[in-house]
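J.: Sequence plus the predicted model coming up.
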Amino acid sequence: MFGALADRLGYGGHELGMGQLWAEARQAASEDMGRAVAAADAISGLIKNVQPFLNSGTWSGQAADSWMGDWNSFYGRLLRMLNDLPAAQAAVVKAIDSEIQAAQRRG
Amino acid sequence: MTDYVSVNPDRLDQVTRRLEALRDGLAANVALVTTMMSQYAQQGGDVPGLARMLAQAQARSVRDAADMRARTQLAYRAENTPVNFAAFHGQGSLDESAMLSIPWDMQAVDQQAALADAQELRDAMDSKDSGERIAKIQQAEQDIMDHLAEGQGGLAYLSAFYDKAGAQVAGLASVLYSWDGTLKQPLSVRDQQTLNIFATGLAYVLKNGTGNTALTAQAMGALTNAPDMWSVAMLVKYGPDAKAYGTGAGANLLHAVSTSTVQISPHVIVPANDPAVPELRAAWAWAAKRPVYLASTAGDAEFTRWVGIATVSPFRDLFKGQLYREFASMTPDFRIEGAFTQNENVLITTGGLSTGLGAVVFFNDPRSLLGAPPEEVEKLVPPGWTGPRPLRTGKPGWRYFDEKGRLIAYEEGDPSDSDLGRPDSLLHRGPYYKIAENRYIYRIAAFRNPTLADPNAITISIEAPDGTKVYLNQRMPTDVPGDEVNGAGGDDLGDGAGGGDAAAPGE
């Protein structure tokens, strides 16, 4: 798997020393997931930006309340999932570290 | 039942702006998140269910933003009605906490918004303030484009709008043209763009509307039987391709446009899709103010005026080709005056300013019917004639006749007719006109007759009272450069045709 990851990142695998290759692959994966987390944060910020206006100062009526309840429920679930993305980023880095250690043990 | 909600327009606007920002933010970021989760899924980079939730969010964010924008616009419109304006802007200051009532469900919002937009279009077309009318028409354009972008979701609004504004949309080209003030230039590029947007929305409704979203008969009537069909023709001309209109109501509209004529003077009609209709109207208005001396009949005066238009008016450039020869040459066609005097209509076409394919069609000159569509020829039938009646043969077509024995018939012909070896056999295999007058019988190739595509085919046959026949290879008018100068571009039916001139015998 690690070889495939290195290929995808464009390292080819042989010209560089293996230690440097592993370090760069780990950093690239961390940065990729970091960009995903930043994108998720941007989305979370935009969701939270709507919420302060969803109240009785904006509207009053059963149909609007129903729409607001549905919106809050849906985006509440999405926010919770987006909040899980930093943990996923950490899991990716940890998995790559494990693969590096396993490769080093194999020698 | 429609649910009404009290809203504060400014705060609703804030919600809308934030929903639009969320929509744009999702569009910009979702792909990156899902791509990375997929790429590192084996290392634990995926959050279960997040990709699906993001896809759902992206879809609903577009709908939420569009719906809330429509509600906000409706709320602002309601705020600006006189009864609400005082509540919001009373005592010289804005009451920021004031609420007003609007429907919440989108069908009702679309209905009310379309009603308001239709009213604004009416106001714009009646307005003397050019800034106001341009702003309102541009707003209507934007609303149409926004709802077209929604696809099927925009159909309810578009249907309601065209249903309420059918008459205004039908008259839009005419109004845009008149605003220029000169009545002597084509529609501007901006006008053409406006017409394109209005026509595109209309075509979408006509093609896709069914049941509640189909236009009512009243709205269709406002379009297919408009007071000024030229205006509708220009809407269609600058609109989308014919296929965008579909095969039902849209096809009916296109057919109405292609077969309609407009009256220019008491006995002159012009196809509605002739681009020079407004200039011909202006030309007639110019001529109608001029005195005509020594005219013996009203038809004589009308003919004299048209000759004046063709020779000395600012509009004389419209007269090209046959139109020039008939009205502006050294020998104008006095059979046209005869038609006017006999209360018969004459159809003229300019072919537009650039083509020079002007033509005149009238019964006193049977060859002029060559290639004409039956819908136009029917409009030349003088008032008082009997018809339309079915053909005596039972074949498809129609006939009109008067008590003097004159007859005009349209026969669709039969492609499977056997070839009897006569020179005009091919003529009988497609649509043709049969005219009986002064004991002469003329058969003339109509629109879509196969002889019109064959340069060697007989297109007109004339049967004299003694039974002799003359066959002519008459062609449709074509642009002959300079023929309006020497008047020699066309040939005449009567010359050398064995006394076959329609109007000559018995006159």
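T.: On my side now, so go ahead.

J.: so where's chain B uncertain?
T.: B:1, B:81-97, B:180-186, B:351-357, B:477-507 (pLDDT under 70).

J.: same thing but 50
T.: B:91-93, B:353-355, B:479-507 (pLDDT under 50).

J.: where exactly do the strands run in it?
T.: With DSSP state E as the criterion, chain B has strands at B:4-7, B:100-103, B:261-265, B:268-271, B:346-349, B:359-361, B:386-389, B:397-401, B:407-411, B:432-437, B:440-445, B:460-463, B:469-472.

J.: So which of those is nearest chain A?
T.: Taking Cβ to the nearest Cβ, strand B:4-7 is the member of the strands of chain B nearest to chain A, at 3.3 Å. In short, each C-beta sits where N, CA and C put it, glycine included.

J.: quick one: contacts for the residue in chain A sticking out farthest from the centre?
T.: Within chain A, the residue lying farthest from the chain centre (Cα atoms, centre = their mean) is residue A:61, at 38.0 Å. Residue A:61 is in contact with B:3-6, B:104, counting by Cβ atoms under 8 Å, 6 or more residues apart in numbering or on different chains.

J.: What subset of those is buried?
T.: Buried members of the contacts of residue A:61, scored by 16 or more other Cβ atoms under 10 Å in any protein chain shown, are B:4-6, B:104.

J.: quick one: which of these is nearest to residue B:35?
T.: Distance ranking of the buried ones among the contacts of residue A:61 against residue B:35, using Cβ to Cβ, places residue B:104 first at 37.2 Å.

J.: Is the residue lying closest to the closest one once chain neighbours are set aside within a helix or a strand, and which one?
T.: Once flanking residues are discounted, residue B:104 sits nearest to residue A:63: 3.7 Å by Cβ to Cβ, 6 or more residues apart in numbering or on different chains. Secondary-structure assignment from DSSP states H and E places residue A:63 in helix A:62-83.

J.: any idea which helix or strand comes after that helix?
T.: Next along the chain after helix A:62-83, taking DSSP H and E as the criterion, comes helix A:85-106.

J.: what helices or strands is that following helix leaning on?
T.: Under the contact criterion of 3 or more Cβ pairs under 8 Å, 6 or more residues apart in numbering or on different chains; DSSP states H and E, helix A:85-106 touches helix A:2-8, helix A:18-50, helix B:9-39.

J.: Could you take those helices and lay them out as TSV, with extra columns for mean neighbour count and distance to residue B:171?
T.: Below are the helices and strands packed on helix A:85-106 laid out as TSV (neighbours: other Cβ atoms under 10 Å in any protein chain shown; distance: least, Cβ to Cβ, whole Å):
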stretch	mean neighbour count	distance to residue B:171
helix A:2-8	14	63
helix A:18-50	18	43
helix B:9-39	19	33
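
J.: Nearest to residue B:350 among those helices would be which one?
T.: That would be helix B:9-39 among those, by Cβ to Cβ, at 49.4 Å.

J.: Against which helices or strands is that closest one packed?
T.: Where contact means 3+ Cβ pairs under 8 Å, 6+ apart, helix B:9-39 is packed against helix A:18-50, helix A:85-106, helix B:50-79.

J.: the inter-axis angle of it versus helix A:18-50?
T.: For helix B:9-39 against helix A:18-50, the angle by axes from the mean of the first three to the mean of the last three Cα atoms, to 10 degrees is 160 degrees.

J.: just how off-centre is helix B:9-39 within its chain?
T.: Between the centre of helix B:9-39 and the centre of its chain there are 42 Å (Cα atoms, centre = their mean, to the nearest Å).

J.: follow-up on the earlier one: mind pulling the model confidence for the residue farthest from the centre of chain A?
T.: Looking at residue A:61, its pLDDT reads 94.

J.: cool, the one 4 residues further on as well?
T.: You'll see residue A:65 listed with a pLDDT of 95.

J.: nearest to residue B:320, of the strands of chain B?
T.: Ranking the strands of chain B by their distance to residue B:320 (criterion: Cβ to Cβ) puts strand B:359-361 first, at 9.6 Å.

J.: Tell me which strands the closest one pairs with, and in which orientation.
T.: When pairs are called by DSSP bridges, strand B:359-361 turns out to pair with strand B:346-349 (antiparallel).

J.: Output the partner strand as CSV, nothing but the C-alphas.
T.: What follows is strand B:346-349, C-alpha atoms only, in CSV (Å, rounded to 0.1, in the frame of the first residue of the first chain):
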residue,chain,number,x,y,z
VAL,B,346,-53.3,42.7,-51.7
LEU,B,347,-50.5,41.0,-49.9
ILE,B,348,-47.1,42.6,-50.1
THR,B,349,-43.8,41.3,-48.7
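
J.: Could you give the number of residues near residue 105?
T.: As the question left the chain open, I've gone with chain A. Neighbourhood size, residue A:105 [other Cβ atoms under 10 Å in any protein chain shown]: 7.

J.: Chain B was what I was after
T.: 16.

J.: my read: it touches residue B:5, true?
T.: No: using Cβ atoms under 8 Å, residue B:105 is not in contact with residue B:5, being 9.8 Å away.

J.: Can you mark which positions in stretch B:419-435 are buried?
T.: So, applying 16+ other Cβ under 10 Å, buried residues of stretch B:419-435: B:424, B:426-435.

J.: for stretch B:170-178, same thing?
T.: B:170-177.

J.: Repeat that for stretch B:295-315.
T.: Neighbour-count burial for stretch B:295-315, counted by 16+ other Cβ under 10 Å, picks out B:299-310, B:313, B:315.

J.: now do stretch B:402-412
T.: Across stretch B:402-412, burial judged by 16+ other Cβ under 10 Å covers B:407-412.
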